[in-house]
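Chemist: This is a predicted model, with the sequence first.
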Amino acid sequence: MTEFAALVEHPFELLQAMERRSRAAHAGQGTGDASEEWVGVGFRIGEERFVSSRDQVREVLMLPDTMTRVPGANRWLLGIANLRGHLLPLIDLKLLLGSGRTALRRTARVVSVNHREVPAGLVVDEVLGFRRFMEHEYSSETAETAVRCDRYLGGTYQRGGESWPVFNLFDLVESNLFLQAAAE
């Protein structure tokens, strides 16, 4: 409490201290530093949950009403959509990984990858929102998944019996598999 009392004359710093303490309490710690927090975007491919760094996600979008099919492209390249004046290739992530087609239901979303050189919109079954984890919840061991994406995973966050494999979107869009969209 003395930490808060010292900040009475500095309302912004007081709010920051309160937020740090609140986040630490929510994560199961007594006190903590917000710099230990990792924030990602959770999503679902099939029945499995993943999380990607929020720095790798530009935005999450609804499926567009129309998209233009690309002749001679692999089936996983669903087409190109005009989103706010920018052309974005839409990729069925589940199909690209060889785990079947994504059902284009109301819950399906487009995860726009925040990569400087490779624009991509990854269609996933569902986006589960922001997920916040503390450093101590991270393990460098990669979780076993049914979706064939092991080479794009970099560790796992564990909380309350739930496992959240970290999916590296940049590794995916820079891979040969992704960059060779022409059908054979």
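Modeler: Noted; the coordinates are in hand.
Chemist: C-alpha from now on. contacts and neighbour counts both.
Modeler: Noted.
Chemist: can you map out the helices along the chain?
Modeler: Counting by DSSP state H, the chain has these helices, from start to end: 2-5, 11-26, 93-96, 169-173, 176-179.
Chemist: His115 is nearest to which of those helices?
Modeler: Between His115 and those, the shortest gap by Cα to Cα is with helix 169-173, which sits at 6.8 Å.
Chemist: Buried ones in the closest one, by neighbour count?
Modeler: Residues Leu169, Phe170, Leu172, Val173 are the ones in helix 169-173 that count as buried (16 or more other Cα atoms under 10 Å).
Chemist: quick one: which of the residues you listed is nearest Arg44?
Modeler: Of those, the one sitting nearest to Arg44 (Cα to Cα) turns out to be Leu169, at 13.9 Å.
Chemist: need the contact list for that closest one.
Modeler: When contacts are counted by Cα atoms under 8 Å, 6 or more residues apart in numbering, Leu169 touches Ser52, Gln56, Val113, Tyr152.
Chemist: Equivalent analysis for Asp92, please.
Modeler: Trp76, Leu77, Leu78, Arg101, Thr102, Leu122, Val123, Val124.
Chemist: Tell me which two in the contacts of Leu169 are the farthest apart.
Modeler: Val113 and Tyr152 (14.2 Å).
Chemist: okay, the two: which has more neighbours?
Modeler: Ranked by neighbour count (other Cα atoms under 10 Å), Val113 and Tyr152 place Val113 first, with 21 against 18.
Chemist: picking up where we left off before, got JSON lines for the contacts of Asp92, with neighbour count and pLDDT too?
Modeler: Formatted as JSON lines, those follow (neighbours: other Cα atoms under 10 Å; pLDDT from 0 to 100):
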{"residue": "Trp76", "neighbour count": "22", "pLDDT": "94"}
{"residue": "Leu77", "neighbour count": "24", "pLDDT": "95"}
{"residue": "Leu78", "neighbour count": "20", "pLDDT": "95"}
{"residue": "Arg101", "neighbour count": "17", "pLDDT": "92"}
{"residue": "Thr102", "neighbour count": "19", "pLDDT": "89"}
{"residue": "Leu122", "neighbour count": "25", "pLDDT": "96"}
{"residue": "Val123", "neighbour count": "29", "pLDDT": "96"}
{"residue": "Val124", "neighbour count": "24", "pLDDT": "96"}
